[in-house]
Every structure is written in C-alpha cells, then in structure tokens.
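Enquirer: Need a 3D model of the following:
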Amino acid sequence: MAAEPLTLERLNAADDAGVVALLDGIYERSPWVGERTAPRRPFATLAQLKRALVETVREASRDERLALLRAHPELAGKAMIARSLTAESTHEQGKAGLTQCTAEEFATLQRLNAAYNEKFGFPFMLAVRGPRGDGLSKEQIIATFARRLENHPDFEFEEGLRNVHRVAELRLDDRFGHEPVLGRQAWDCAELLARHSDPGFAENGQLTVTYLTDAHRACQAQLVRWMKECGFDEVGVDAVGNVVGVYREDPHPGPLPRAGEEGGRLRERAGGEGASC
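Expert: Numbers count the residues shown, from 1 in each chain. Take a look at the predicted model:
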C-alpha cells in the first residue's frame, strides 16, 4: 500500500526533529540540510520549501557541499553491486535501467566512474530520471557522462550540485504526490521548438538556431501561433526579430480560453504591457 502523501500542513506543524524525519532521504544521506531548513517554517507552497532547501545548501561551506556530492553513489557502482543504495537511489537507477546493464555498458560506466573521480574528486552526479521524471536512457546517461568529463572542475562542481537539487525536487514531488503539470507543458513547448535547427546541425541531431535563419523564422512562426491561440490581442514580430504579444486587460474577464492541441497551453497575462519572447 502506497504511503499517504506528505502535506505542508503536517510539515509546518512538526517540530525540528520531525521536519528532519519527514524530509529524510530528500538530500542523500545529508540530514543537515533538513535540520538547517526546519527553522525557515512555515512554508506556504511546495515551491517555497524547495527554494528554502536550495538556499540552505547554497549557504553551506564548500566542504559541506563537497560532502553532499560525495554522499551520492556512483552510477552502476560499488553500492549498487553491494545492494547498499538508499531506497531512493535504487528507484532512480532502476528507472534508468542501470540495474540491468549489459557487460559492455557496465564496463563503460566503471571506466567513466574511475576517470571522473580521479579528475574531480567526487562521484558523477546526474538526475537520471530526466526532465520529465520517467528516466533517461542508458545511452543518454553514458553520452552525458563522457561529455561532462571535459568540463572544468569548478563548473562541474556546480553542475553536480544543480543535479543534486534536481534529484531532490523529483523526490519531493513524489513524497508530496505533486504532478508538475505546468512544468511539463513548458517542456513540451520547448521540445516542439527544438525540432527546428540549422542545416548541418539538424542532420546530426544537434540544436543550433542562428539569428534570422529559416530555423529562427520557424520558431517565430510557432510562437506567433501559440500566442494567438492563447488569446493575445496583438501579436507580431518587431524590427529585430522578437515575437511580441500584447494582452489588453479586460475589466470583466471570463473563463480562460482553451489552447490548441499542439502544446500552446500557456497563457501570459501582461496587464496591458507587452510580453516579449
């Protein structure tokens, strides 16, 4: 039987020790994040809680943030083999198929893990559940791993922490039973725009949109369609290529219009001011 979703009312009503217990596992083996965030109660929204946790980590010392990175297991690493992963990490690595690697995939990941640790001094950190939470493929994970090995250590330290926060966000959504509907809609719109790429890049599955190329104009046209579907009173392209929509405030607003099926479910209300995309 699934556990009952956590609520902000319950979290806000708990004492400091209770908050730490309720947030256990959100930041891998790092209860100090919950301890330092507890005094920031009450939280009015889940987003406010997420921001408070991020701020707690940001305010920590570099050594503490390094320890947070090192608290995470390697991908398909020793902890997985020894079955000593936390329940959260087991779920995430399983969702990405890392618990069922071929011998070749496993060998590749072990080689990448060793190279990454030698260069940076902490494990490779990636939110393997991906942007929509349903899991990256093993091919995507390995390609990202290899690419990030080329990064500067300072950049990779911050990139690792960004992924720590993304993992924490997904875990919080699970614990609160939250479905990020608007976030997924925004992602879908970005994916639709990403179909347009300049010649020489599109054929290789790469995304490059140069100013006023055909790909750029195709993105402009798509944005114009979406803004018209969303009910903007005026939509146009200015002299330097920006798509500008104006929504004039209605003193007697009715229900929001239904947007088209192609992903234009976003509505921007600008209160009479221009909304530039």
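Enquirer: what about the longest helix in this protein?
Expert: As assigned by DSSP state H, the longest helix anywhere in the chain is helix 153-176.
Enquirer: The helix or strand following that one packs against which elements?
Expert: Where DSSP states H and E defines the elements, the next helix or strand beyond helix 153-176 is helix 181-193. Using 3 or more C-beta pairs under 8 Å, 6 or more residues apart in numbering; DSSP states H and E, the elements in contact with helix 181-193 are helix 214-229. C-beta: built from backbone N, CA, C; applies to glycine.
Enquirer: and the angle for the helix it packs on with helix 181-193?
Expert: 140 degrees (axes from the mean of the first three to the mean of the last three C-alpha atoms, to 10 degrees).
Enquirer: and after helix 214-229, which helix or strand comes next?
Expert: Going down the chain from helix 214-229, the next helix or strand is strand 234-237, by DSSP H and E.
Enquirer: Which strands or helices does the longest helix of the chain pack on?
Expert: For helix 153-176, the packing partners by 3+ C-beta pairs under 8 Å, 6+ apart are helix 46-59, helix 62-70, helix 87-95, helix 103-120.
Enquirer: how deep is the residue lying closest to Ala146 once chain neighbours are set aside tucked in, by neighbour count?
Expert: Spatial nearest neighbour of Ala146, chain neighbours left out: Leu112 (6.6 Å); criterion: C-beta to C-beta, 6 or more residues apart in numbering. Applying other C-beta atoms under 10 Å, we find 20 residues neighbouring Leu112.
Enquirer: residues in contact with the nearest residue to Phe43 once chain neighbours are set aside?
Expert: Of all residues not flanking Phe43 in the chain, Leu49 sits nearest, at 4.3 Å (C-beta to C-beta, 6+ apart). Neighbour list for Leu49: Leu8, Leu11, Thr37, Phe43, Leu172 [criterion: C-beta atoms under 8 Å, 6 or more residues apart in numbering].
Enquirer: how many other residues sit next to the fourth one?
Expert: A total of 18 residues lie near Phe43 under the criterion other C-beta under 10 Å.
Enquirer: got it, and the third one?
Expert: With neighbours defined by other C-beta under 10 Å, the count for Thr37 comes to 23.
Enquirer: name the element it belongs to?
Expert: Per DSSP H and E: helix 31-37 holds Thr37.
Enquirer: picking that back up, contacts for the longest helix of the chain next, please.
Expert: 5-8, 25-28, 46, 49-50, 53-54, 57, 65-66, 68-69, 72, 88, 92, 119-120, 122, 124-127, 129, 133, 148, 151, 178-180.
Enquirer: and that helix, which residues are buried?
Expert: Residues 156-157, 159-161, 163-175 are the ones in helix 153-176 that count as buried (16 or more other C-beta atoms under 10 Å).
Enquirer: If anything else comes up later, I'll come back, but that's it for now.
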